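J.: Build me a structure from this.
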Amino acid sequence: MWIRLTDIISKTWSGLTTREYKRFKGLRKQSLRDNMTDVELMLNGLAEASSTAISKETNPEGFVENAAVAVKGATIAKNARHELEAELGHSVISSESAIGHINPENELPLSQGNSLSDDSKETF
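T.: Predicted coordinates for the structure are as follows:
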């Protein structure tokens, strides 16, 4: 049931199911969330948080009632998305993914100067 509700939330705010979204971004086994832009993540989070808050207030029972709550919550994010897109003049749904942006050669090598061994960690 939760996978179907996740798809309802995704489809409502973005226009794409999770499978369609992954295909749009050219992903296979990679995590969709790990390949979303900041705005996509925030809208997805707003859709999920809104759905959860509505669910806590209304206590839906069964799939049909939960699906209706998912649509209500995701519609809040959909409206925010449309308002932002109107301001920007373009879609915030991006085919951009992390694939090709991660270059292990650009990572800092671990050395004595930048390693975080147990005895060098600071306590905050």
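J.: which of the residues in the longest helix seen in the chain are buried?
T.: Identified as the longest helix of the chain according to DSSP state H is helix 62-88. Buried residues in helix 62-88, defined by neighbour count with 16 or more other C-beta atoms under 10 Å: 66-67, 69-71, 73-78, 80-81. In this view, the C-beta of every residue, glycine as well, is placed from N, C-alpha and C.
J.: Take those and write them to TSV, including distance to Asp34 and pLDDT.
T.: Shown next, in TSV, are the buried residues of helix 62-88 (distance: C-beta to C-beta, whole Å; pLDDT from 0 to 100):
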residue	distance to Asp34	pLDDT
Asn66	26	97
Ala67	27	97
Val69	27	98
Ala70	23	98
Val71	26	98
Gly73	23	98
Ala74	21	98
Thr75	26	98
Ile76	24	98
Ala77	19	98
Lys78	23	98
Ala80	22	98
Arg81	20	97
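J.: tell me the secondary structure for the nearest residue to Arg19 once chain neighbours are set aside?
T.: Leaving aside its sequence neighbours, Arg19 sits nearest to Asp7 (C-beta to C-beta, 6 or more residues apart in numbering; 7.8 Å). Three-state call for Asp7 (DSSP: H, G, I helix; E, B strand; the rest coil): helix.
J.: Would you mind checking the average pLDDT for stretch 43-53?
T.: The average pLDDT within stretch 43-53 is 98.
J.: How much space separates Ser51 from Glu85?
T.: From Ser51 over to Glu85 the distance is 21 Å, taken as C-beta to C-beta, to the nearest Å.
J.: Likewise for Met42?
T.: From Met42 to Glu85 the distance is 14 Å (C-beta to C-beta).
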